[in-house]
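A.B. asks: Task: produce atomic coordinates for the following.
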Amino acid sequence: MELNEFMQKFCALDTEPLKIMNREIKFKGKRTDSKLWITGGYIECSDIKGNKQYQIVSSVGYHNDVIPETVGQFIGLYDKDGTEIYEGDILKAGNIKYSCDFHSGKFILKHGAKSYPISSCDLIEVCGNIHDNPELINNE
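C.D. replies: Predicted structure coming up:
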């Protein structure tokens, strides 16, 4: 088998799962320098001295150092206003607030000691996140 033929078959096989999976994989994290939120691809790496680095790579390719505890994945869903929902967001449905978490291979809503699967976001709104607004969830 020639290289071109191999690459065509390999690429066709490799991209097939991406056609089936119909959600964008991206992350949100708080920058270490400005404390602003950034979205994009997430990488963990080490510098030449072996120090761990945590970065969000923006859509234009800029590497932003982020606080690793603030990194959360986009869950592939939007709230009632069209806002992207990320791990660590605080969501409100009526008067009840939930935190969005990842547990046992799925995204869930947590309220106190209870957790619920996320099935629909039509009535949910993002009202903050556990890093900037912990008081919203801790007062429940």
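A.B. asks: Give the helix, strand or coil label for the nearest residue to residue 122 once chain neighbours are set aside.
C.D. replies: With sequence-adjacent residues excluded and distances taken as C-beta to C-beta, 6 or more residues apart in numbering, residue 122 is closest to residue 80, at 5.9 Å. Just so you know, the C-beta spots here come from the backbone N, C-alpha and C atoms, and that holds for glycine as well. Assigned with DSSP: H, G, I helix; E, B strand; the rest coil, residue 80 falls in the coil class.
A.B. asks: show me the contacts for residue 80.
C.D. replies: Residues in contact with residue 80 (C-beta atoms under 8 Å, 6 or more residues apart in numbering) are 121-125.
A.B. asks: among those residues, which one has the lowest pLDDT?
C.D. replies: pLDDT is lowest at residue 121 among those; the value there is 78.
A.B. asks: excluding its backbone neighbours, what's nearest that one?
C.D. replies: residue 77 (4.8 Å).
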